[in-house]
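Trainee: Structure for the following, please:
(chains A and B)
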Amino acid sequence: MSIKDRYDLQLKSLVAALSQSIMVGTDEEIQKDAQCAGVDLDANAAQLKEMFIATAKSFHQRKFVQARENYNREVHNLQKTSFQLPASPAERWALLQLVAAQAQAQGGAFLTAKFRDFEKLSDNDVASLLEELAALGLLPETGPEG
Amino acid sequence: MPEERAATPNEVRAAIDALSNTDWYRLRKFADCHASLLGEKAGDRRGCDLLNEAFKRLLQRSRKWDKTKVGFMSLLYGAVESIANSWLRKKVSPMEAAALASSLVTENEEGELSDPVEEFQSTAADPAQMLVYKETLDQIDALFADDPEVQMVLEALRDGYDPPGIRALWGFSQKEYNAIVVRMRRRIETAGITNPTGGPLHVH
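Mentor: Next up is the predicted model:
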């Protein structure tokens, strides 16, 4: 098929020439175009600007919704991996002592500060600390709930 | 080497606010011009839809837009052209094509968009679409029956000449060529071929 029969390429060539002239034309030329076509420049600008702003708003709202969904998913995943702590304070103490012993044996500096005042921890502190360790995946002898 | 800088949403907003009324009309004309290529493939979409699609792409990729290197309008011109070409080559609807095209488009270090679809010349032309193109070209030819200079430019364009080639072929200066193309552009637009912007946008 020669170019003579390729009306698509012929039209494309014409559109390329026209669009090039639109890009490089002076403001005065473009304003004259609008005048010739009977287009109200203010109305045109207002319509397109409104369209862009609505698109940007919708896009950013979608991003916000997506971020919120991601956050909810993360929270859900954290909840799924929460641990069933031992029921009694004595069992929780025993578990904490076990973790402390393992951490110290492995030179776990990250627990040192927490265990410095080990004896002063209340039952609530112990439970809270175990939950933190569980969330960090540092309770090797316990598994995920369910 | 200057640090790569990405445009923030606020900078995108500032770029929108900085456009003059003439810039907006220039963008619409450019998009209308490319939409006129689409024929039936455009469905009920027009130049402003093409422009909006280009803007969506910009938002999706705004983190990579280095506004110190590529102007807002240049970015939109490139995206409009790329989307129009993508729609033209696909058999799916513009909505589906836009989603597909968006996933294929990449940017170079200058922040310019590049669509791999554009690398391929269309080889299989749809006969019905080809007929629409022919009718559009005939309609344009008829508009300039009384303007031999435009006819000369049109003939050369249809023969595959680029603007420098046309100027050399017919001995037009740059200024003469520009004046002819402007004349051609205005009459085509006034005839409604590339200007479907009727209704409230027109001065009454």
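Trainee: For the residue nearest the centre of chain B, which non-adjacent residue is spatially closest?
Mentor: Central residue of chain B (Cα atoms, centre = their mean): residue B:34, 3.8 Å from the mean position. Once flanking residues are discounted, residue B:34 sits nearest to residue B:84: 3.9 Å by Cβ to Cβ, 6 or more residues apart in numbering or on different chains. No exception for glycine: its C-beta is placed from N, CA and C like everyone else's.
Trainee: Show me where chain A has its helices.
Mentor: Counting by DSSP state H, the segments of chain A that form helices are A:7-24, A:27-37, A:41-80, A:89-105, A:109-116, A:123-135.
Trainee: for the chain, what are the low-confidence residue spans?
Mentor: No chain specified, so I'll use chain A. Residue ranges of chain A with pLDDT under 70: A:1-2, A:78-83, A:107-118, A:140-146.
Trainee: please go with chain B instead
Mentor: If you take pLDDT under 70 as the line, chain B has these spans: B:1-7, B:39-42, B:62-64, B:90-125, B:195-204.
Trainee: how's the chain carved up into domains?
Mentor: No chain in the question, so chain A it is. As given by automatic domain parsing, the domain ranges for chain A are A:1-39, A:41-80, A:81-135.
Trainee: wrong one, chain B
Mentor: B:9-119, B:127-201.
Trainee: Determine which stretch of these is the most buried.
Mentor: Most buried of the domains of chain B, by mean neighbour count (mean count of other Cβ atoms under 10 Å in any protein chain shown): domain B:9-119, with a mean of 19.
Trainee: All the strands of chain B, residue numbers only.
Mentor: Here chain B has its strands, by DSSP state E, at B:106-107, B:113-114.
Trainee: need the domains of chain A in TSV with distance to chain B and mean neighbour count, can you?
Mentor: Converted to TSV, those look like this (distance: least, Cβ to the nearest Cβ, whole Å; neighbours: other Cβ atoms under 10 Å in any protein chain shown):
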stretch	distance to chain B	mean neighbour count
domain A:1-39	4	17
domain A:41-80	4	13
domain A:81-135	31	14
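Trainee: out of the ones you listed, which comes closest to residue B:174?
Mentor: Closest to residue B:174 of those is domain A:1-39 (Cβ to Cβ; 10.6 Å).
Trainee: and the spatially closest residue to residue A:133 that is not a sequence neighbour, how many residues sit next to it?
Mentor: Among residues not flanking residue A:133 along the chain, residue A:139 sits closest, at 5.4 Å (Cβ to Cβ, 6+ apart). Per other Cβ atoms under 10 Å in any protein chain shown, the neighbour tally for residue A:139 reads 20.
Trainee: residues touching residue 36, list them.
Mentor: All of this refers to chain A. With contact set as Cβ atoms under 8 Å, 6 or more residues apart in numbering or on different chains, residue A:36 has these partners: B:186, B:189-190.
Trainee: switch to chain B, that's the one I care about
Mentor: Residue B:36 sits next to A:15, B:136, B:193-194 when contact means Cβ under 8 Å, 6+ apart.
Trainee: can I get these in a markdown table with distance to residue A:60?
Mentor: As requested, the contacts of residue B:36 are exported to a markdown table (distance: Cβ to Cβ, whole Å):
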| residue | distance to residue A:60 |
| --- | --- |
| A:15 | 33 |
| B:136 | 39 |
| B:193 | 37 |
| B:194 | 33 |
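Trainee: Okay, and which of these map to helices?
Mentor: A:15, B:136.
Trainee: between the contacts of residue B:36, which is nearest residue A:134?
Mentor: Nearest to residue A:134, judged by Cβ to Cβ, of these is residue A:15 at 64.4 Å.
Trainee: was I right about the closest one contacting residue B:35?
Mentor: No: in this structure residue A:15 lies outside contact range of residue B:35 using Cβ atoms under 8 Å: 9.6 Å.
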